[in-house]
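Trainee: kindly return the folded structure for what I paste below:
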Amino acid sequence: MRHHNSNRKFGRKAATRNALMKSLARSLVLKEKITTTEAKAKELRPFVEKLVTTGKKATVAARRDLSIKVGPQGSKRIVEVLGPKYKDRKGGYTRISKLGSRNNDAAPMAQIEFV
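Mentor: Now for the predicted structure:
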């Protein structure tokens, strides 16, 4: 039974699911706005917000943690651009906007972006 287990699996194994989240997070950090399915956007939001909160510290340990999750370019961008931008904000760095359904499979689409 899946009681109190609300995370989405996306029909993938754990390693592939983690790679998906890292890839989506890297794209969001570098482009600041991406379009994806609504479920992926909702799962990505807490993942990215924790990264930005870590990036606000700007310590060597924080940079290493970020580098593992979003790569060297993404970690540099979080620490140098996004961290100072949201220095005074306590959370809620992203916004999800619903876009309607995709044409080929009618999947609900959403746009996730930094506020």
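
Trainee: all helices for this protein, in order.
Mentor: 14-31, 38-55, 60-77, 83-85 (DSSP state H).

Trainee: now do the shortest one, average pLDDT.
Mentor: Within the predicted structure, the mean pLDDT of helix 83-85 is 95.

Trainee: now swap in the second one and tell me
Mentor: The predicted model gives helix 38-55 an average pLDDT of 97.

Trainee: what's the angle between that helix and helix 60-77?
Mentor: Per axes from the mean of the first three to the mean of the last three C-alpha atoms, to 10 degrees, the angle that helix 38-55 makes with helix 60-77 is 130 degrees.

Trainee: please identify the most buried of the helices of the chain.
Mentor: Each of the helices of the chain was scored by mean neighbour count; the highest is helix 38-55, a mean of 19, by mean count of other C-beta atoms under 10 Å. Glycine gets a C-beta too; all of them are placed from N, C-alpha and C.

Trainee: so what touches that one?
Mentor: Outside helix 38-55, the residues within contact range by C-beta atoms under 8 Å, 6 or more residues apart in numbering are 7-8, 10, 20-21, 24-25, 28-29, 36, 62, 65-66, 69-70, 75, 78-79, 82-83, 86, 91-94, 96, 98, 107-112.
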